[in-house]
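S.K.: Sequence first, predicted coordinates after that:
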Amino acid sequence: MSNQSDQIEVFVKMSAVLNGFAPEMFAPSVDPADLKTVYFKFIIGKAPERFHELLHAFSEMVAGGVSPQDIGAMLNGTAGGLPEPMVNLALSINKLWYLGSWYDPEAPDDPTKQQVVSDQAYIRGLSWQVMQSHAMGNSPFTFGYWAKDPAASLALTTGNPAATGRGTS
């Protein structure tokens, strides 16, 4: 991997495999927050050698024809193949994408070693998208939106055919 943009591209692909989403989730065509770059630079600042090792290991697995499912299992530590420090880093990256906070891979269970990366990281965390929700205090909706039925798209994921988004009045 020769330059930073190539490394960020590998980071995006690895993040997609690690989290089970399409790469476009981590590098959308319109990306004003550019979290992929924010996260990449943050991780480089925290664990530069191990991060480069992890990106290299991921690239080698892809080049070797290992399936995305098997790579995901290795990154998440549910299958062997990677040393524990590398798995811990991958799990910290996973948490970073979901929660917008960095959990030190050297002490993942120590809450005093947690760090919020940025306000954008918190409000754009995958956890909010998975829940079809928004971060507390950061609603894109107008006051009183909760008085109306959820949007029709929620009917597909909630199993509630009455979720039309048309409101009750």
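M.R.: Alright, I've got the coordinates. Numbering: from 1, shown residues only.

S.K.: Gly20 contacts Ile71, correct?
M.R.: No - using C-beta atoms under 8 Å, Gly20 is not in contact with Ile71, being 11.3 Å away. Where you see a C-beta, it was placed from the backbone N, CA and C, and this is true even at glycine.

S.K.: Which one of those two is surrounded by more residues?
M.R.: Ile71 (22 against 13; other C-beta atoms under 10 Å).

S.K.: quick one: that one and Gly144, what's the gap?
M.R.: Going from Ile71 to Gly144 by C-beta to C-beta, to the nearest Å gives 46 Å.

S.K.: residue contacts, the residue nearest to the spatial centre of the chain?
M.R.: Closest to where the C-alpha atoms of the chain average out (C-alpha atoms, centre = their mean) is Trp97, at 2.6 Å. Residues in contact with Trp97 (C-beta atoms under 8 Å, 6 or more residues apart in numbering) are Ser15, Leu18, Asn19, Phe26, Tyr39, Gly125, Leu126.

S.K.: which of those residues has the most neighbours?
M.R.: Ser15 (26 neighbours).

S.K.: tally of neighbours for Val17?
M.R.: Neighbours of Val17 (other C-beta under 10 Å): 24.

S.K.: What segments of this structure are strands?
M.R.: 101-103, 114-116 (DSSP state E).

S.K.: out of those strands, deepest packed?
M.R.: Across the strands of the chain, the average number of neighbours (mean count of other C-beta atoms under 10 Å) peaks for strand 101-103, which reaches a mean of 19.
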